[in-house]
Every structure is written in C-alpha cells, then in structure tokens.
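Engineer: Just to be clear, the model below is a prediction. Sequence and coordinates:
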Amino acid sequence: MKTKHYHILLLSLIIQLTAVFPAISEIRAKIVDLDGDISISRNGEFLEYDEIDYGTEILAYDIIQTGPDGYAEIAIETPVSPDVIVHIMEDTTLFMEHVIKKQSPQTSINLHRGAVQTRAAALIQGGQLNIKTDSSVMGVRGTVFSVVIAADSSLLVTCRDGKVQCSTDGKDSYIQPGSIYEADSKGDIETKSLEPEKIDSYISDWKQIRLDALLINGAVSLNHYANLYLQSAPGFLETFADLSSKQDIFQKWERIIEKNESISMGEATRDKISLSNGIIRLRSRLPMMENIYYTLYDLTAIMDQSDQVRMKLSETTIRTLQIYDKRRNEFKEKLALARYYFRIFLEIDKQASGQSLMPSSDLMENFLLDEPLYIVPPEPSLPRNSSF
C-alpha cells in the first residue's frame, strides 16, 4: 500500500508575549451555540441528548460529531491562549487534546472529517495551537481561517485574517486574505488567488465539485477503502479486546483522575507496564482505523445517492460494506473508547514519572509527536469544465 506523509504548517504574524507558561491543565471549553444533530462521546460513552445544550462543558478527548444538519460553536480556554473560538460545521468529527511537546504547551484540535472555522487570540510565547487532520498539521498564531476535508480526503484551507505559511514536504507556500491553499487526495498542492468575500461560496462550490467527482467513479474509492477495512479491522479489534480485558486498571485511574489524586510511583509503574504493550499496538493501529472508518462513513452515504456507484462495486466490497454498516455504531464506540484509553495512559505515565510534565519514555514522546499518516486513495476524476 502506498503511503505519503505531508505537513501543512500555518503561521500568522507572531505576537511575542512575556507571559510564562501556565500550569498545565485540562482544556476548559463549552458550547456557546448549537443546532441540529450533535453527539459527544466522553470516556468511551455517549452523552444523553438532554446533556448537550448551551453551556455544556467540553473536556479534552471528548469526541464531537455533527450530523448533516448539525452545527456547534465551542469557546475554548487553553494554557496556550485564553480565547479560541471553533465553529464546527455539518458532518464533522473532532476532538481536542493538550500536551507538553519539547517543553512547550500545545493544544490540538484533531479533525477526522468535515470542516471547522477557527479564530484564535495571540498565544503565549512558545505556545502552540494546532489543527490536525490525517494528512496535515496546521499551527495557528492569532488568525482566522477555515479547514475543510472533502469525502475524497482533499483539503482546502482559506484564511480571512493574518498571514499563513503552508509547508509541505519542505516546500513553503504563503497565503493570506486574497489567496487559498488546496491539497488533493494524492497530496498535490496548489495555491490560488481568491477575494475574501468569495470564500464562503468557493468552499460550497469546492465541496460540491468533490462530491460530483465521487459520484462519477466513487466505486474505485469504495473498493479501495473496503479492502483497507478488511486488512485493518481484525488487528484493531484484537488490540482493543486486549486493553478492554484490563478494564479494572482503567476504571481505577478514572477515579484517580476525577478526584485529582496521586498514587505511588511504584503502583503507577506497575499499571503502566501492564498496559504498555497494548498501548503501543493501539497507537500503531488506531490512526489508520480512524481514517478508514470516517472515510467509509462519508463514502457509503455517497453510495446511497448513486445506483451507478453501487453497480460497480465488487462482491467482496458489498459484503464488507454490509459488515461495516452493521457494526458502524459498535466501531464508533470502540474508537471513542480507544481515545479514552490513551487519555488514561497519559496520566499513568505522568505519575509513573513522578508527576513530570514531560513523557518518561520514548514511547510517550513518539506518541505525542506522532506524524500524520496519509492514505493515498485512487483519485476520482473531476468533472469536465471545472476550474477546481
């Protein structure tokens, strides 16, 4: 299977502040606006419908998902910035995390699918605010910009305020109001001129063009990702089952975290050793499984719109998609719970290190610095006479 790694680093005008790093804590965030279908997973369990409303608190590693008519606006206070606003658009899935990376505080919004628009105030000196996707990392410095992922994994970045540096495979591009940045499903990059007042209509047209392309030959992508699902799901489920068999450890540490308690380094180290092998395996399998799951989530919806696409699917793909559809909610819960396992393990690792803010091992250092994995799908052909 061919893979490709690439990064997008977005930097606006950096405002240097003299503030020292605040104590590292969980992200403080709440919903300030919402509409339509929204779900939130916390600690591997989904909140009830009546628990999601104006003022609902959002914690680190909560997985937020909007439906076709869903929208949410999140106000975030983080050790790197006191004022971050994230507009979560329809058909979007993301979660937030805060870590120490090379002795610098870093808050990340991890975008699995869909679109967000972000406004960030100036950051503390050395602090980082990132938007991460499966293929990209976007570092923010006091700017307003949008990130959109199409169903075929294409990426569109637009900027409404500030200057933005985009770096891919060592090649730098700069965008600011008046230009945009695109990466197609194979990672090919292009910058274009665009007047700021035309951004909203361009995003809408761009998404429709990508959808039209998939409707033409979406069977190619469906066959590809169904095959990846068959290859990846068994290993993920085996690793997940191994960690789930140690639920007593996770439940113990959930209580410790909730009560803000500490235990002896020796006990924390024993728990860490018990979980480490499973966490290492999960770390190598979870990003791939998330990519496949959320891509199929959108691709199967497209298949339902096109009889021609369905007719071009192989028998193996049809059977695989039937299995995927049957286990879709189960997998959604397992992916959410897997992120919860990572969150618990981070606390175990910290206490096993004597409450050090830095990871105690190469395992956790590499985990926190994990590079995006880019799966290169067959690229659908664009409709003729398209300018996108």
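Structural biologist: Perfect, thanks for sending it.

Engineer: pLDDT score for the nearest residue to L243 once chain neighbours are set aside?
Structural biologist: Residue nearest to L243 in three dimensions, not counting chain neighbours: G278, with 4.3 Å by CB to CB, 6 or more residues apart in numbering. Placement of C-beta: from N, CA and C, glycine included. pLDDT, G278: 94.

Engineer: How is this structure divided into domains?
Structural biologist: Domain segmentation of the chain under automatic domain parsing yields 3-202, 210-375.

Engineer: Just put the ones you listed in a markdown table and tack on mean neighbour count.
Structural biologist: A markdown table is the format used below for these (neighbours: other CB atoms under 10 Å):
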| stretch | mean neighbour count |
| --- | --- |
| domain 3-202 | 18 |
| domain 210-375 | 17 |
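
Engineer: Check the secondary structure at K30 for me.
Structural biologist: Following DSSP: H, G, I helix; E, B strand; the rest coil, K30 is assigned to strand.

Engineer: Just the element for V86, please.
Structural biologist: Using DSSP states H and E, V86 maps to strand 81-88.

Engineer: Report all helices and strands that the helix or strand just after that strand contacts.
Structural biologist: Counting by DSSP H and E, the next helix or strand C-terminal to strand 81-88 is strand 93-101. Under the contact definition 3 or more CB pairs under 8 Å, 6 or more residues apart in numbering; DSSP states H and E, strand 93-101 sits against strand 63-66, strand 104-120, helix 328-352, helix 362-368.

Engineer: Please work out the average pLDDT along the helix ranked longest in the chain.
Structural biologist: For the chain, the longest helix by residue count, based on DSSP state H, is helix 199-244. When pLDDT is averaged along helix 199-244, the result is 90.

Engineer: on that earlier part again, now the helices and strands packed on strand 93-101 in CSV, with mean pLDDT and distance to Y294?
Structural biologist: Formatted as CSV, the helices and strands packed on strand 93-101 follow (pLDDT from 0 to 100; distance: least, CB to CB, whole Å):
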stretch, mean pLDDT, distance to Y294
strand 63-66, 94, 9
strand 104-120, 88, 5
helix 328-352, 89, 9
helix 362-368, 46, 21
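
Engineer: and E190, that one's in a strand?
Structural biologist: Yes. Assigned with three-state DSSP, E190 falls within a strand.

Engineer: Name the nearest residue to it, ignoring sequence neighbours.
Structural biologist: Closest to E190 by CB to CB, 6+ apart is E182, at 5.0 Å.
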